[in-house]
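Student: Below is the sequence, then the predicted model.
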Amino acid sequence: MKTLTLLRHAKSGWDDPVQRDFDRPLNAKGRRAAAAMGREMRRLSLRFDRVIASPAVRVAETLDAVAEGYGARLVPEWERRIYMASDATLAELIREQPDTAERLLLVGHNPGLEDLVLLLVPRSDDGLRDTVEDKYPTASLTELTFACDRWANMAEGGATLARFVRPRDLDPALGPDEE
């Protein structure tokens, strides 16, 4: 069995005067949400054999803040293809991973991560997939399991959605800003 955990970067600052989208840093709420998600990851005893992440600044800062709550640094392999990737590109990247990695963490961006979940998880009556489809907020974490021994055998519709955790599930103050 393979387990894939997806983590969307935390909320970034749009009012920061950086010149490129790639360089946008987290804002204060994003840092709090990432640290809260790290605490939840620790509470759930999530462990990873391999971590791959987009090299965008907001992803690196998300991993730093997650480490504060998680209690350990997650050392990723930086993979440029994750930055603004489609679900097809992400699926290809996952299928390339070594089979020695049973538990993989991929840290990246939307809409690719949400679309990947919708590609891999079949519709069901439990409503969890519908929650993902409704909105995949920043700093959200999804865990998928596959009944296969090789990442290359990961099939569309072949995943079980084990969990979907949003920052607002951990602390209502980390939910959407009210207008």
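Tutor: Cool, the structure landed.
Student: contacting residues around Gly69?
Tutor: Residues near Gly69 by C-beta atoms under 8 Å, 6 or more residues apart in numbering: 34-42. In this view, the C-beta of every residue, glycine as well, is placed from N, C-alpha and C.
Student: Where does it sit: helix, strand or coil?
Tutor: helix (DSSP: H, G, I helix; E, B strand; the rest coil).
Student: Which residue is the nearest non-sequential neighbour of it?
Tutor: Gly38 (2.7 Å; C-beta to C-beta, 6 or more residues apart in numbering).
Student: Next: Tyr83.
Tutor: Per C-beta to C-beta, 6+ apart, closest to Tyr83 is Ser54, 4.5 Å.
Student: residues near that neighbour, how many?
Tutor: 25 (other C-beta atoms under 10 Å).
Student: Would you list the phi and psi of it?
Tutor: Main-chain dihedrals, Ser54, degrees, to the nearest 10: phi -60, psi 140.
Student: okay but it is in contact with Leu113, surely?
Tutor: No - between Ser54 and Leu113 there is no contact under C-beta atoms under 8 Å: 10.2 Å.
Student: which residues touch the helix or strand bottoming out on mean pLDDT in the chain?
Tutor: Lowest mean confidence among the helices and strands of the chain (mean pLDDT, DSSP states H and E): helix 128-134, at a mean of 93. When contacts are defined by C-beta under 8 Å, 6+ apart, helix 128-134 is touched by residues 114, 117-118, 121-123, 142, 161, 164.
Student: Do you have the strands of this structure handy? List them.
Tutor: For the chain, the strands defined by DSSP state E occupy 2-8, 50-53, 77-78, 103-108, 141-146, 159-165.
Student: Mind putting those into CSV with mean pLDDT and distance to Ala88?
Tutor: Putting the strands of the chain into CSV (pLDDT from 0 to 100; distance: least, C-beta to C-beta, whole Å) gives the following:
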stretch, mean pLDDT, distance to Ala88
strand 2-8, 98, 15
strand 50-53, 98, 16
strand 77-78, 98, 20
strand 103-108, 98, 14
strand 141-146, 98, 16
strand 159-165, 97, 15
